[in-house]
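[1] The sequence and its predicted three-dimensional model are supplied below.
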Amino acid sequence: MDEDLCASNTGKPVQPNLSRRRFLGRVGSSMAGAWVFPSIVPSSALGRDGAVAPSERITIGLIGNGHINTRHREAFLAEKDARIVAVADPVRSRREAYREWVDQAYAGQGCLGYQDFRELLARKDIDAVCIGTPDHWHAVQAIEAMRAGKDVYVEKPLTLTVAEGQAVKDVACTTARVLQTGIQRRSMGSYRRCCELVRNQRIGQLTRIEVGILAINVGVKIGVYFPTEPVPKGFDYDLWLGPATPAPFCSQRVARGNEICYWYYISDYTVGFISGNGVHFVDIAQWGLGDEIKPREVSTLWTRVPGDGLVDDAIAWHAEVFYENGVVMSYSSEGDPHPDGIKFIGTEGWIHISGGGGITASQPSMLKSVIGPNEIHLEASPNPHRNFLDCIKSRQIPVAGPKVGHHCTTTCNLCEISGRLGRKLVWDAASEQFVRDPGANRLLSRSLRLPWHL
């Protein structure tokens with residue numbers, strides 16, 4: 001396969017268009033006995049009355065049945081040409097709740113639950129999966145899914161390490177699978193509008209970007225260890241840990257994301273919100289800068305890392321990223337020093353977009369500026385789930401494809417590594433290695449607990 005085709009994000013197809021497998025035929029051969037079909041086929045099964053025929057639906061499995069995939073579940077349930085047919089989670093109560101919810105939404109039965117995601121991937125009748133697990137699982141699950149012939153929507157950050165990101169990107173290319181990263185702001189019009197204004201120099205020549213991001217959720221306790229607890233019945237804790245180092249069980253460690261959840265800030269599973277939350281804004285900063293422009297140096301001026309307790313990732317930081325074209329991105333936890341959002345600063349003014357999508361500018365009139373037909377127009381996407389489904393059909397690269405997801409995740413990883421080492425690092429974007437720095441290069445990857453591998 002042509003290397004440019006794999007690496008680009010220009011909407012080129014990731015593989016030739018193929019005839020879609022027929023759902024009914026697949027179910028009949030691979031799921032015999034699991035589904036019962038009526039002898040009289042309703043008009044909805046034939047695609048009449050505004051419905052989508054089962055043969056044209058994209059069948060989806062949800063891997064990870066916590067808070068994050070709840071949003072994806074509801075989004076895919078709303079799409080007429082998608083059908084959730086399976087869920088997988090090592091926690092029985094979570095997957096059963098998901099399975100029942102899906103069956104109720106479809107007013108019937110047919111969604112199956114699996115403790116081990118590999119059983120879900122073994123099903124030949126599943127077209128795509130949505131991965132909403134902790135970050136340390138993303139690469140392993142995405143790669144196994146693509147090798148099993150599935151298209152993949154994987155939550156942000158794309159991976160835990162730079163080496164994992166390289167592997168995911170390479171497998172997406174060699175398997176010709178569609179992969180979408182969950183950096184959904186690329187599908188929000190206000191962010192695209194802001195980046196188009198910047199790319200078309202409404203603020204003059206871009207010189208600096210300032211990014212501020214929430215670094216830790218309210219309610220998370222710093223410097224605290226929690227008592228070890230017995231593993232609850234129906235909770236496969238060894239599978240939850242997967243490729244990570246074994247650790248004592250406590251409910252705080254394994255809480256669902258966006259609750260009072262601690263795995264978000266534990267180095268065995270993430271590098272903290274410097275990547276887990278920051279990729280959203282770093283991605284938009286790099287969209288406005290130009291995705292083809294890469295970092296050449298990174299210097300994390302300071303970090304705040306707890307000296308004790310369950311939380312051991314940076315919970316505050318200030319980093320500077322120096323790009324190939326001379327633009328500097330100053331990236332900090334919210335208020336240290338930059339407020340929430342992304343501020344693009346140019347030779348003739350500035351424009352700022354908040355985390356909620358509100359845009360302000362040094363000259364309000366620039367916000368009314370019309371982007372001409374011969375100017376730069378960035379790729380539009382109605383929403384990330386619709387974009388994913390459309391790309392499964394067209395075999396095109398999504399707006400937040402593997403190259404984009406790896407780019408923003410890598411930049412965040414560079415900031416974290418510089419902060420951990422406490423010094424400026426020089427980056428070679430072509431080789432994706434630090435220049436003459438073996439110690440820093442060792443931090444680009446991590447070993448996986450057997451039997452897990454990439």
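    Looks like it came in fine. Residues are numbered from 1 along each chain as shown.
[2] quick one: the strands in the stretch 201-350 of the chain?
    Assigned by DSSP state E, counting those that start in this stretch, the strands in the stretch 201-350 of the chain fall at 206-213, 295-304, 316-323, 328-333, 341-346, 349-353.
[3] Might one say that N200 is in contact with I371?
    Yes - N200 is within contact range of I371, at 5.9 Å (criterion: Cβ atoms under 8 Å). For every residue, glycine as well, the C-beta is placed using N, CA and C.
[4] Sticking with C415, tell me its helix or strand.
    helix 402-421 (DSSP states H and E).
[5] Of all the residues in that helix, which ones are buried?
    402-420 (16 or more other Cβ atoms under 10 Å).
[6] Stretch 346-362 too?
    346, 350-355, 359, 361.
[7] closest to F273 among these?
    F273 lies nearest to G355 out of the buried residues of stretch 346-362, by Cβ to Cβ, at 12.6 Å.
[8] I'd guessed the closest one sits against F281; true?
    Yes - applying Cβ under 8 Å as the test, G355 and F281 come out as touching, 7.4 Å apart.
[9] list the residues that contact both of these two?
    Counting by Cβ atoms under 8 Å, 6 or more residues apart in numbering, the shared contacts of G355 and F281 are 213, 341.
[10] care to break the protein down by domain?
    3-32+40-185, 189-377+402-444 (automatic domain parsing).
[11] With respect to Q396, which of those domains lies nearest?
    Using Cβ to Cβ, the nearest of these to Q396 is domain 3-32+40-185, at 5.2 Å.
[12] CSV for the strands of the stretch 201-350 of the chain, including mean pLDDT and distance to A247?
    Shown next, in CSV, are the strands of the stretch 201-350 of the chain (pLDDT from 0 to 100; distance: least, Cβ to Cβ, whole Å):
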stretch, mean pLDDT, distance to A247
strand 206-213, 98, 27
strand 295-304, 98, 23
strand 316-323, 98, 24
strand 328-333, 98, 26
strand 341-346, 98, 35
strand 349-353, 98, 39
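[13] what's the weakest-modelled helix or strand in this protein?
    For the chain, counting by mean pLDDT, DSSP states H and E, helix 23-30 ranks last in confidence among helices and strands (a mean of 36).
[14] what's downstream of that one, the next helix or strand?
    Taking DSSP H and E, what comes next after helix 23-30 is strand 58-63.
[15] Summarise which helices and strands the helix or strand immediately after that following strand in the chain is packed against.
    Using DSSP H and E, the helix or strand that follows strand 58-63 towards the C-terminus is helix 67-77. Applying 3 or more Cβ pairs under 8 Å, 6 or more residues apart in numbering; DSSP states H and E, one finds that helix 67-77 makes contact with strand 58-63, strand 82-88, helix 92-105, strand 128-131, helix 384-394.
[16] out of these, nearest to T300?
    strand 128-131 (28.7 Å).
[17] Straight-line length of stretch 298-317, end to end?
    13 Å (Cα to Cα, to the nearest Å).
[18] now that stretch, how far from the chain's geometric center?
    Here stretch 298-317 is found 23 Å from its chain centre; the criterion is Cα atoms, centre = their mean, to the nearest Å.
[19] now do stretch 387-394
    17 Å.
[20] tell me the mean pLDDT for that stretch?
    In this model, stretch 387-394 has an average pLDDT of 98.
[21] Next, the buried residues of that stretch.
    Quick answer for stretch 387-394 (16+ other Cβ under 10 Å): 387-389, 391-392.
[22] Let me see the contact set for the residue nearest to C415 when sequence neighbours are not counted.
    Excluding its sequence neighbours, the residue lying closest to C415 (Cβ to Cβ, 6 or more residues apart in numbering) is A319, at 4.0 Å. By Cβ under 8 Å, 6+ apart, the contact set of A319 is 298-301, 330-332, 415, 418-419.
[23] which of these are buried?
    298-300, 330-332, 415, 418-419.
[24] how close does the residue nearest to C415 get to V282?
    10 Å (Cβ to Cβ, to the nearest Å).
[25] just V52 next, same as before
    Counting by Cβ to Cβ - V52 and V282 are separated by 37 Å.
[26] What separation is there between R99 and L120?
    Distance from R99 to L120, by Cβ to Cβ: 12 Å.
[27] what do the two both touch?
    With Cβ under 8 Å, 6+ apart, R99 and L120 have common neighbours V87.
[28] Grab the nearest non-local neighbour of N200.
    E375 (4.8 Å).
[29] Quick check: the one you found is in a helix.
    No - applying DSSP: H, G, I helix; E, B strand; the rest coil, one finds E375 to be coil, outside a helix.
[30] coming back round to it: look at V52 and V282 and report which has more neighbours.
    V282 (29 against 16; other Cβ atoms under 10 Å).
[31] Can you verify my assumption that the more buried one contacts Y331?
    Yes - with contact defined as Cβ under 8 Å, V282 counts as touching Y331 (6.6 Å).
[32] Can you tell me what sits against stretch 435-447?
    160-164, 413, 417, 420-421, 425-428, 432-434.
[33] and it, average pLDDT?
    Here the average pLDDT along stretch 435-447 is 98.
[34] do stretch 221-241 as well
    Stretch 221-241 comes out at a mean pLDDT of 97.
[35] how long is it end to end?
    Using Cα to Cα, the two ends of stretch 221-241 sit 22 Å apart.
[36] How about residues contacting it?
    By Cβ under 8 Å, 6+ apart, stretch 221-241 touches 90-93, 115-116, 216, 247-254, 306-311, 315, 449.
[37] Buried ones in that stretch, by neighbour count?
    235, 237, 240-241.
[38] Dump those into TSV; add distance to G290 as well.
    Converted to TSV, the buried residues of stretch 221-241 look like this (distance: Cβ to Cβ, whole Å):
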residue	distance to G290
F235	46
Y237	44
W240	39
L241	39
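[39] could you redo the contacts of A319 as a markdown table and give each row distance to C111?
    Shown next, in a markdown table, are these (distance: Cβ to Cβ, whole Å):
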| residue | distance to C111 |
| --- | --- |
| V298 | 45 |
| S299 | 49 |
| T300 | 45 |
| L301 | 49 |
| S330 | 47 |
| Y331 | 41 |
| S332 | 43 |
| C415 | 40 |
| S418 | 45 |
| G419 | 43 |
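[40] Between these, which sits nearest R177?
    Nearest to R177 among the contacts of A319, with distances taken as Cβ to Cβ, is C415, at 29.2 Å.
[41] Can you check what pLDDT the model gives that closest one?
    So C415 comes in at 98 (pLDDT).
[42] how close does it get to N383?
    Counting by Cβ to Cβ, the gap from C415 to N383 is 29 Å.
[43] Report the beta-bridge partners for the residue nearest to C415.
    Beta bridges link A319 to T300, Y331 when assigned by DSSP bridges.
[44] Test for you: state the pLDDT assigned to K12.
    Looking at K12, the pLDDT reads 54.
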